[in-house]
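Novice: Need a 3D model of the sequence below.
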Amino acid sequence: MVKMKMKLGLISALVGTMFISSCGSEPKEESGNNETVVEQPQEMEVQVSEEFVLPSTVQIGDLFRNSGLAYVGGLTLDPQKSSSYNTTFDKYFAFGAYWTDMTYCVLNQQSQEARKYMKVVKEISSELGAGEVYSDQTLLERFDKNLENNDSILMILIEIDEKTDEYVENNDQQEFALVAFVGGWVEGMYLGVSTSSFEEHTKLTGRIIEQMVILDKLIEGLSAYEGSNKKVDEVLIEMNKLYDFYINIPAIANVEGSIADVKIPSTDMKLLGDRILKLRSLIVE
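Specialist: This next block holds a predicted model:
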């Protein structure tokens, strides 16, 4: 069993290497049944659940930008579309997508666009009962005033990130965190593939390939809500198709060493990109 620790985050996981215990961090110690001792007639077997920590996405977004993710106007999800998301799960997915778009604008110093997305994110969070995260007017004013200051705005985003994590933990909102994270992850991948030609291997291509390594964990997490919502079920089907395609790309199936160094042929990368675009369309429709 894999236990997920939520990091709802900002640009929604654009680098897949910054996760789980390979980073050297210890799993969070909690009371309960995380560790189960099963006695056998001749031996004792200890089963410990693996903790999967979703990436800290503030730093991840900055890394992805530094890998060549340029700002392209018109790619992000239309803020006016937010009113069309009516079900709770639709709002979860939309929250994640808009949060990613906001960060994409912030990191590329698109201040006016960033303000629009912050407004949408605040509205959706309130509709979902998470408005307390954005009730700190002083923090929001600092966000608005520091949009041109890259170092300061990153620290402010980290503060908001931490407040979101605290809300999720205190209010048992893992469902919100996981589904929104998937929405944001897909939006981030969409932005990546939409700004890449894939004619040659680049740092950005490497980041996209890297990110795919967490897809199976996201599928496993989202599967906990299978059957609870039509869109969740449809998204799971497409995520599984994407994962199956990815792991069967010859360069991935036969990989040795670092996934970041894998060079996937442009034809396969384009097909991978098309599948990501299809998944994104499903999530934001």
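Novice: Could you measure from Ser258 over to Val193?
Specialist: Distance from Ser258 to Val193, counting by CB to CB, to the nearest Å: 21 Å. The way it works is simple: take the backbone N, C-alpha and C, and place the C-beta from them, glycine included.
Novice: more crowded one of these two?
Specialist: Neighbour count, other CB atoms under 10 Å: between Ser258 and Val193, Val193 has more, with 21 against 10.
Novice: and the more buried one, what pLDDT?
Specialist: Reported pLDDT at Val193 in the predicted model: 91.
Novice: distance of it from Asn86?
Specialist: As judged by CB to CB, Val193 and Asn86 stand 28 Å apart.
Novice: With Gly96 instead?
Specialist: Distance, Gly96 to Asn86, by CB to CB: 17 Å.
Novice: How many neighbouring residues does Ile283 have?
Specialist: Using other CB under 10 Å, Ile283 has 26 neighbouring residues.
Novice: helix or strand for Ile124, which one?
Specialist: Taking DSSP states H and E as the criterion, Ile124 maps to helix 111-127.
Novice: need the next SSE after that helix, C-terminal direction.
Specialist: Next along the chain after helix 111-127, with elements defined by DSSP H and E, is helix 137-145.
Novice: how far out from the middle of the chain is that following helix?
Specialist: 24 Å (CA atoms, centre = their mean, to the nearest Å).
Novice: what comes into contact with stretch 189-204?
Specialist: Stretch 189-204 is contacted by residues 14, 64, 67-70, 72, 75-76, 100, 104, 205, 207-208, 211, 263-264, 266, 269-270, 272-273, 276-277, 280 when judged by CB atoms under 8 Å, 6 or more residues apart in numbering.
Novice: What about those, which are in helices?
Specialist: Judged by DSSP state H, helices contain the following of these: 64, 100, 104, 205, 207-208, 211, 266, 269-270, 272-273, 276-277, 280.
Novice: Taking the residues you listed, tell me the two that lie furthest apart.
Specialist: Across the ones in helices among the contacts of stretch 189-204, the longest distance by CB to CB is 25.6 Å; it joins Thr100 and Ser266.
Novice: The two: which has the busier surroundings?
Specialist: Between Thr100 and Ser266, counting by other CB under 10 Å, Thr100 is the more crowded of the two (32 against 14).
Novice: Surely that one is in contact with Glu187?
Specialist: Yes. Judged on CB atoms under 8 Å, Thr100 makes contact with Glu187 at a distance of 4.1 Å.
Novice: Please save the CA atoms from stretch 180-194 in PDB.
Specialist: The C-alpha atoms that make up stretch 180-194 are tabulated as PDB, following Å, rounded to 0.1, in the frame of the first residue of the first chain:
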ATOM      1  CA  ALA A 180      -6.600  19.100  -7.500                       C
ATOM      2  CA  PHE A 181      -3.000  17.900  -7.800                       C
ATOM      3  CA  VAL A 182      -3.800  15.700 -10.700                       C
ATOM      4  CA  GLY A 183      -5.600  18.600 -12.400                       C
ATOM      5  CA  GLY A 184      -2.600  20.800 -11.900                       C
ATOM      6  CA  TRP A 185      -0.100  18.100 -12.900                       C
ATOM      7  CA  VAL A 186      -1.900  17.600 -16.200                       C
ATOM      8  CA  GLU A 187      -2.100  21.400 -16.800                       C
ATOM      9  CA  GLY A 188       1.600  21.700 -16.200                       C
ATOM     10  CA  MET A 189       2.400  18.800 -18.600                       C
ATOM     11  CA  TYR A 190       0.100  20.400 -21.100                       C
ATOM     12  CA  LEU A 191       2.000  23.700 -20.900                       C
ATOM     13  CA  GLY A 192       5.200  21.800 -21.400                       C
ATOM     14  CA  VAL A 193       4.200  19.900 -24.400                       C
ATOM     15  CA  SER A 194       2.400  22.900 -26.000                       C
END
